[in-house]
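K.L.:
this one's sequence-less:
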């Protein structure tokens with residue numbers, strides 16, 4: 001099972017007078033990654049390039065940001081893949097030092113920046129999450145809320161109508177047992193909207 005990162009980790013390399021500032025961090029999707037890169041440009045307005053790679057399922061991306069094609073984003077993405085990571089953004093801010101590194105030198109510089117940052121990063125197992133939707137009579141709402149707390153699930157949404165509709169998220173591995181427990185306690189009075197869908 002892939003890992004993600006607990007927190008951001010950084011590196012800094014000087015190669016032939018160019019400064020490479022690397023960072024790896026947890027990141028869920030491309031929109032969040034792009035917002036983070038935009039913020040990096042504000043933080044480093046004098047940078048020559050900010051290259052990045054996101055490994056996040058169907059949202060993955062590799063951006064060379066003006067470096068020769070395939071010398072930055074793709075090698076950075078390969079480092080993340082090689083480490084069996086998921087939901088991770090790698091960024092490298094480059095300040096140009098006046099000496100060209102050539103394609104091989106660039107690949108090494110960007111690869112090393114990410115690899116160095118990963119050396120200090122704390123990896124944590126990635127948990128697949130399930131989102132559950134159920135409807136219960138008002139008399140069961142308090143009981144269900146206590147069960148959600150006890151399972152360390154996250155209550156996402158509650159709507160009060162003729163019944164109480166609750167939406168919650170918990171690790172996929174716990175979802176089946178949770179549904180069974182609630183069905184037992186509810187004695188047939190709990191309605192599940194659909195089969196648990198994985199997030």
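P.N.:
Looks like it arrived, so ask away. Quick caveat, the model's predicted, so the values are computed rather than measured.

K.L.:
could you list the residues in contact with stretch 45-57?
P.N.:
Residues from elsewhere that reach stretch 45-57, judged by C-beta atoms under 8 Å, 6 or more residues apart in numbering: 27-30, 33, 37, 40-41, 44, 60-67, 72-74, 76-77, 79-81, 85-96, 110, 114. Just so you know, the C-beta spots here come from the backbone N, C-alpha and C atoms, and that holds for glycine as well.

K.L.:
narrow these to those that are buried.
P.N.:
Among those, those classed as buried by neighbour count (16 or more other C-beta atoms under 10 Å) are 27-28, 33, 37, 40, 62-65, 67, 72-74, 76-77, 79-80, 85-94, 110, 114.

K.L.:
from those, which land in helices?
P.N.:
In helices, defined here by DSSP state H, the members of those are 33, 37, 40, 73, 74, 76, 77, 79, 80, 110, 114.

K.L.:
quick one: the helices in this structure?
P.N.:
Ranges of helices within the chain are 30-43, 73-82, 102-120, 138-150, 172-186, based on DSSP H.

K.L.:
for the chain, which spans come out with low pLDDT?
P.N.:
Scanning the chain with the threshold set as pLDDT under 70 gives 1, 194-199.

K.L.:
what count of nearby residues applies to residue 122?
P.N.:
Per other C-beta atoms under 10 Å, the neighbour tally for residue 122 reads 9.

K.L.:
quick check: closest non-adjacent residue to it.
P.N.:
The spatially closest residue to residue 122, leaving aside those adjacent along the chain, is residue 6, at 4.2 Å (C-beta to C-beta, 6 or more residues apart in numbering).

K.L.:
correct me if wrong: the one you found contacts residue 124.
P.N.:
Yes: between residue 6 and residue 124 there is a contact under C-beta atoms under 8 Å: 4.9 Å.

K.L.:
quick one, domains of this structure?
P.N.:
In terms of domains, the chain is parsed into 3-125, 129-198 (source: automatic domain parsing).

K.L.:
just name the most buried of these.
P.N.:
Across the domains of the chain, averaging neighbours per residue (mean count of other C-beta atoms under 10 Å) puts domain 3-125 on top, at a mean of 18.
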